[in-house]
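K.L.:
build me a structure from this.
(chains A and B)
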Amino acid sequence: MKAQIEVQFNWILVLAAGTLIFLFFFGVVKWVKDRAEQNSAVTVSAYLDALLTGSSVARSTVTRFQLPSQTVHFICDSYRVGESDASKRIRNKIVFAPTRIEKGSFVAWSEPWAVPFRVTNFLLLGSPDIRYVFIGDENDPLFKELRAAFPPELEPEFNPSPFVSTNTYKVRVIVVNDVPSLAVAPFRSLASEDFTALSLSGTELDGSVTLTFYQKSHPSTAPHLLGGQSVTAYGKAAALGAIFTDTIEDYQCGIDKALVRMRNVAAIYEQRAVALSSSYAAHADLACQTIFDGNVFASYATAQPFDLSGLSTTLSISNFDAQRNSCALLY
Amino acid sequence: MEKRGQMQMMETVAILFIFFILISLGFIFYTQVAKQSIATKAEEFQDLTAIQVAQLAGSLPELQCSEQNIVKENCIDYLKAQAAPAILAKPEYFDVLGYATLTLQKIYPGTDEIPLYSRPLVNADNKRASFFPVAIFDPASSTTAFGVLVIEVYS
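P.N.:
The predicted model follows:
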């Protein structure tokens, strides 16, 4: 009887110790896995930051690079790599990107934003794994300009027929000078934020264009396009930025940062113009002094995107006058 | 019989004890290696940050010479540089340049020094200085001087 109890006790002991050891190893493996994932996310985000900085300082360049097995999520002013909780601020860079780019190819396109003086480079992030579909009249000047400007690295499609699902994880439809009236049904399974549309209305990318953002209805409801919030954009980079951003909120976030930068650059140009005006006054060069006194840099302090077309025209004319009179240029 | 049972029990406890000692040793070794690799990585990231700041500072339209948006490489507009310190002191530029100092030194003809941006990190462990030879163009007199843009990044 006693021996029987002892044998049973031994088994219980072995079972308890085994469970303990198993739990211990399970804990260690989970801890190491979490740490490795976090480490990898930190490394990827640090290198991504460096890549984005490098791309953003180069003007009008398209850089293609590979992201190792991690999805990058973009929210307004920050991004998050993989499933890590920690997000990294985009800080100084003005980035226009979809809400997420899945592992694989990544394209960074830098485009200078000028109003008409150069303010900064916009960084447009996309992926060839996202479908960019342009719909419009082939003879429309804006459509032609978009066709010429959009990098082939992103494999854009122009007026595809038929417009059917190709199982990409995201679809961005850009309708030029028209209201989107698409057959959304083939894309029913995609989440609302993964099938979005943008309507671009205007005559040229370098001028003012009206942007209207649309989103597909929830997958559980009859598929149709929702939304229709509009904003005015000025400049090619600002119009192109909207193509890469899923929501009007994220787009506005980038534009707000750009406007702050624009005001600072204008303030520097304004002080430079004051110094040049004094210099021309000292040399009794009335023609140049008048041009520099009449500069509109101060008006940029409160300017909104819809004011920029008028201000840019005035400043361009003054700059031309300065050039014609052999003065230093305003910008 | 009871003594044999006790012995067996002791043996099991001893094995478990040694097993956990070995595990702890392995764990200590792993954390030491991980610590070392974190330190190496941190240093690498600091280098990357310093390069990024230098790249950004060199491409600031707030300082660069340009005519009709055509940028002259490695050229600083003297009048922009004089106006820049007040603007670059704004909080939004901390996002661009971080803990760093930017100084424009005019070397020839004559000497001059313009502190463009100054946000040194108190008690910094590291300071990386980079020197970039630049042309300093004064649009008022249409003259060009030779200078150096000194960028010091703190971490």
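K.L.:
for chain A, just list every one of the strands.
P.N.:
A:61-67, A:72-75, A:78-81, A:88-89, A:94-96, A:100-101, A:104-114, A:118-126, A:131-135, A:157-158, A:171-176, A:195-201, A:208-216, A:225-234 (DSSP state E).
K.L.:
what lines up beside the longest one in the sheet?
P.N.:
When pairing is defined by DSSP bridges, strand A:104-114 lines up against strand A:61-67 (antiparallel), strand A:118-126 (antiparallel).
K.L.:
sort out which residues of it are buried, please.
P.N.:
A:105, A:106, A:107, A:108, A:109, A:110, A:111, A:112, A:113, A:114 (16 or more other Cβ atoms under 10 Å in any protein chain shown). Using the backbone N, CA and C atoms, a C-beta is placed for each residue, glycine as well.
K.L.:
could you pull up the contacting residues of the nearest residue to the last one once chain neighbours are set aside?
P.N.:
To tie it back to what came earlier, the one meant is residue A:114. Closest residue in space to residue A:114, ignoring its immediate chain neighbours: residue B:69 at 5.5 Å, by Cβ to Cβ, 6 or more residues apart in numbering or on different chains. By Cβ atoms under 8 Å, 6 or more residues apart in numbering or on different chains, the contact set of residue B:69 is A:112, A:114, A:116, A:117, A:118, A:331.
K.L.:
let me know the pLDDT of residue B:69.
P.N.:
Residue B:69 is assigned a pLDDT of 86 by the prediction.
K.L.:
what count of nearby residues applies to the closest residue in space to residue A:264 that isn't next to it in sequence?
P.N.:
Leaving aside its sequence neighbours, residue A:264 sits nearest to residue B:87 (Cβ to Cβ, 6+ apart; 5.1 Å). Residue crowding around residue B:87 was assessed by other Cβ atoms under 10 Å in any protein chain shown; the count is 20.
K.L.:
could you do residue A:26 as well?
P.N.:
By other Cβ under 10 Å, neighbour count at residue A:26 equals 10.
K.L.:
distance of it relative to chain B?
P.N.:
Look at residue A:26 and chain B: by Cβ to the nearest Cβ, to the nearest Å, they are 13 Å apart.
K.L.:
for the nearest residue to residue A:66 once chain neighbours are set aside, what are its contacts?
P.N.:
Nearest non-adjacent residue to residue A:66, counting by Cβ to Cβ, 6+ apart: residue A:105, 6.2 Å away. For residue A:105, the contacting residues are A:64, A:65, A:66, A:67, A:127, A:128, A:129, by Cβ under 8 Å, 6+ apart.
K.L.:
repeat that for 7 Å
P.N.:
Taking Cβ atoms under 7 Å, 6 or more residues apart in numbering or on different chains as the criterion, residue A:105 is in contact with A:64, A:66, A:127, A:128, A:129.
K.L.:
that one and residue A:59: what is the separation?
P.N.:
Going from residue A:105 to residue A:59 by Cβ to Cβ, to the nearest Å gives 22 Å.
K.L.:
can you check residue B:108 too?
P.N.:
Look at residue B:108 and residue A:59: by Cβ to Cβ, they are 30 Å apart.
K.L.:
please apply the same query to residue A:292.
P.N.:
Taking Cβ to Cβ, one finds residue A:292 at 27 Å from residue A:59.
K.L.:
more crowded one of those two?
P.N.:
Between residue A:292 and residue A:59, residue A:292 has the larger neighbour count (other Cβ under 10 Å), namely 23 against 13.
K.L.:
what's the spacing between the more buried one and chain B?
P.N.:
From residue A:292 across to chain B, the span is 11 Å (Cβ to the nearest Cβ).
K.L.:
quick check: that residue touching residue A:275?
P.N.:
No. Look at residue A:292 against residue A:275 with Cβ atoms under 7 Å: they stay out of range, at 9.0 Å.
K.L.:
chain B contacts on the stretch 101-250 of chain A?
P.N.:
Within the stretch 101-250 of chain A, the positions near chain B by Cβ under 7 Å from any Cβ of the partner chain are A:114, A:117, A:118, A:119, A:120.
K.L.:
now the residues you listed in JSON lines, with pLDDT?
P.N.:
Conversion of those to JSON lines gives the following (pLDDT from 0 to 100):
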{"residue": "A:114", "pLDDT": "94"}
{"residue": "A:117", "pLDDT": "95"}
{"residue": "A:118", "pLDDT": "93"}
{"residue": "A:119", "pLDDT": "94"}
{"residue": "A:120", "pLDDT": "92"}
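K.L.:
quick one: which of these is nearest residue A:323?
P.N.:
Closest approach between these and residue A:323, by Cβ to Cβ: residue A:117, at 14.4 Å.
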